[in-house]
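Undergrad: Sharing a model that was predicted from the sequence below.
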Amino acid sequence: MIYNTVLEIYKGNPVDCKMKNDGIYAFFLDIDGTLLCGGKIHEKNITTIKTVRSLGHKVYINTARGLSIVPENILALEKNGLIDGIVAGIGCTVLLDGEKVLSEKLPIEELAEAFDYF
């Protein structure tokens, strides 16, 4: 759950933050096991995201999944303005405020090298 980390920041206790920038933080959330549990977004996570954003902070989804396989309930968060954007496909696709600002493909050589590595 993201709630405990966010709660500490809400109380004014930066958690794992090396740099402060005028008190505004960007939160990057993974999907599986962080935001989604059993395919569902816990209501406490939605409430926490709303609280964080109401304090002026930014909230993004950051996933290795390609945008085409990001679950609909996650995409709906972005479409409904509950999050500030999505970084998908290991950074190959970036949506910010509803606009696709980056869409790149990994060169086949780099993809093959990654497969060989893992």
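TA: Thanks, I have the structure now.
Undergrad: which stretches of this structure have low pLDDT?
TA: Low-confidence segments of the chain (pLDDT under 70): 1-22.
Undergrad: ranges for the helices of it?
TA: With DSSP state H as the criterion, the chain has helices at 3-10, 43-54, 72-79, 108-117.
Undergrad: Turn those into JSON lines, columns for distance to residue 24 and mean neighbour count.
TA: The C-beta positions use only the backbone N, C-alpha and C, and glycine is treated the same way. Putting the helices of the chain into JSON lines (distance: least, CB to CB, whole Å; neighbours: other CB atoms under 10 Å) gives the following:
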{"stretch": "helix 3-10", "distance to residue 24": "11", "mean neighbour count": "15"}
{"stretch": "helix 43-54", "distance to residue 24": "11", "mean neighbour count": "15"}
{"stretch": "helix 72-79", "distance to residue 24": "20", "mean neighbour count": "15"}
{"stretch": "helix 108-117", "distance to residue 24": "33", "mean neighbour count": "9"}
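Undergrad: nearest to residue 26, of the ones you listed?
TA: Counting by CB to CB, residue 26 lies closest to helix 43-54 out of the helices of the chain; the figure is 10.1 Å.
Undergrad: Figure out how far the closest one is from the centre of its chain.
TA: In terms of CA atoms, centre = their mean, to the nearest Å, the centre of helix 43-54 is found 13 Å from the chain centre.
Undergrad: who does that helix touch, helix- and strand-wise?
TA: The contact analysis (3 or more CB pairs under 8 Å, 6 or more residues apart in numbering; DSSP states H and E) places helix 43-54 against helix 3-10, strand 58-62.
Undergrad: what separates the one residue sitting closest to the centre of the chain from residue 112, distance-wise?
TA: Closest residue to the average C-alpha location of the chain: residue 61 at 1.6 Å, with CA atoms, centre = their mean. Plainly put, residue 61 is 27 Å away from residue 112 if you go by CB to CB, to the nearest Å.
Undergrad: just residue 28 next, same as before
TA: Plainly put, residue 28 is 27 Å away from residue 112 if you go by CB to CB.
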